[in-house]
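1. Please find the sequence and the predicted model below.
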Amino acid sequence: MIGFIFLSVVLIATAVWVVTARKPVYSVIGLLAHFGALAAMYISLSAEFLGVIQIIVYSGAILVLFTFVIGLLSSGVDSITVGPDRMPKAVIPAGLIVLGSLGLTAYGVLHAATVGPRPGPSALAAQAGDANAFGSVADFGKALFTVHLLPFEVTALVLMVAVIGVILMTASNTPLGATAAQAAKVRREMREAIVRAGDE
Amino acid sequence: MLQVAITNYIALSATIFFIGVAGVLLRRNPLIMLMSIELMWNAANLLFLSFSRMWMNNAGHIFAFLVITVAAAEAAIGLAIIMAVFRNAKNVDVDEVAGLRG
């Protein structure tokens, strides 16, 4: 319980830090701490394999991707321009939405009926660290490659589609990537649209 | 042994999820909005694993694994969109990106 409380405090504090940080780089640091604490919490839920995957995929791949994009966006001559946050105008409706939904969840949690039988001690016979314990790599792999093989294959398809989509969107000499002339046209149109919006 | 009641996990997950919602609603920087979305994915994952542990059922682990995969794909595509928009508009203010508005 002490571990849970400690990890919860870390998780909530870093989540707030991610959302309120002034610059995206600070958010990335907060997210790194968040994912680390989350991996610890996964391991405490005896999801050892997913705790490791969390660190490898999120801290290792996704956060590096974020860092690269931040670096690319701020490497040009012009620094990126971001308008002021919508804090003053939107904080009341957004706060109402967030607190209302949170209240509904709290209500649901407090009034939740207990459904079905709780797992007995026999389910816990295999100790953590055993090759076949719940959540271990062997256990997870067996389930992934036998019962849930189709979702696993679909995952491969999703990733391939994502890779192709990213290449189509970011490469400049593909049908979907903008040529220089198209980019100039879009830029001009957007500038005109902004001017029009300012006039109205 | 699950010594922490499941309601604690639900409350923690909901709190993190709605912190992420607040980030998407309040921030204007698309990178921070994407990171808030990542917070929401992870809150959902935490709940999957908690219930998986509660019922000693592997299916939650498989689902969390799929969520991680889809989140990675989503982050890659979202960042690619940000890069494409920035290259065309030199601006990553989400309120001024209205090129697809009807």
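-> Here it is on my side, so go on.
2. okay, CA-based contacts and neighbour counts for the rest of this
-> Noted.
3. So what's the residue count around residue A:103?
-> 13 (other C-alpha atoms under 10 Å in any protein chain shown).
4. Nearest residue to the residue nearest the centre of chain A in space, please, no chain neighbours.
-> Chain A has residue A:58 as the residue nearest its centroid, 7.9 Å off, counting by C-alpha atoms, centre = their mean. Once flanking residues are discounted, residue A:58 sits nearest to residue A:35: 7.1 Å by C-alpha to C-alpha, 6 or more residues apart in numbering or on different chains.
5. What does the pLDDT read for the one you found?
-> At residue A:35 the predicted local confidence, pLDDT, stands at 95.
6. Next, work out how far apart it and residue A:10 are.
-> Distance, residue A:35 to residue A:10, using C-alpha to C-alpha, to the nearest Å: 10 Å.
7. which of those two has more neighbours?
-> In this view residue A:35 and residue A:10 are compared by other C-alpha under 10 Å, and residue A:35 has more residues nearby, 23 against 17.
8. Show me what whatever helix or strand the more buried one lives in is packed up against.
-> Residue A:35 is part of helix A:24-44 when elements are defined by DSSP states H and E. Under the contact definition 3 or more C-alpha pairs under 8 Å, 6 or more residues apart in numbering or on different chains; DSSP states H and E, helix A:24-44 sits against helix A:2-20, helix A:48-53, helix A:63-73, helix B:30-55.
9. so which of the ones you listed is the most packed in?
-> Per-stretch averages of neighbours, counted by mean count of other C-alpha atoms under 10 Å in any protein chain shown, single out helix B:30-55 among the helices and strands packed on helix A:24-44, with a mean of 23.
10. That helix vs chain A: in contact?
-> Yes - legend: contact between helix B:30-55 and chain A by C-alpha under 8 Å from any C-alpha of the partner chain is shown at B:31, B:32, B:35, B:36, B:39, B:46, B:49, B:50, B:53, B:54, B:55.
11. which residues are in contact with the helix holding residue A:35?
-> A:4, A:7, A:10-11, A:14-15, A:17-21, A:48-52, A:54-55, A:58-59, A:63, A:66-67, A:70, B:29, B:31-32, B:35, B:46, B:49 (C-alpha atoms under 8 Å, 6 or more residues apart in numbering or on different chains).
12. Now with 6 Å, please.
-> Helix A:24-44 has contacts (C-alpha atoms under 6 Å, 6 or more residues apart in numbering or on different chains) with A:11, A:14, A:17, A:18, A:21, A:51, A:54, B:32.
13. Output that helix as CSV, nothing but the C-alphas.
-> Output of helix A:24-44 as CSV, limited to C-alpha atoms (Å, rounded to 0.1, in the frame of the first residue of the first chain):
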residue,chain,number,x,y,z
PRO,A,24,7.5,20.7,-24.6
VAL,A,25,11.0,19.6,-23.6
TYR,A,26,10.0,19.9,-19.9
SER,A,27,6.9,17.9,-20.7
VAL,A,28,9.1,15.2,-22.2
ILE,A,29,11.1,15.0,-19.0
GLY,A,30,7.9,14.8,-16.9
LEU,A,31,6.6,12.1,-19.2
LEU,A,32,9.9,10.1,-18.8
ALA,A,33,9.4,10.1,-15.0
HIS,A,34,5.7,9.3,-15.5
PHE,A,35,6.5,6.3,-17.6
GLY,A,36,9.2,5.1,-15.2
ALA,A,37,6.8,5.2,-12.3
LEU,A,38,4.2,3.5,-14.4
ALA,A,39,6.5,0.7,-15.3
ALA,A,40,7.2,0.2,-11.6
MET,A,41,3.4,0.0,-11.0
TYR,A,42,3.0,-2.5,-13.8
ILE,A,43,5.6,-4.7,-12.2
SER,A,44,3.9,-4.4,-8.9
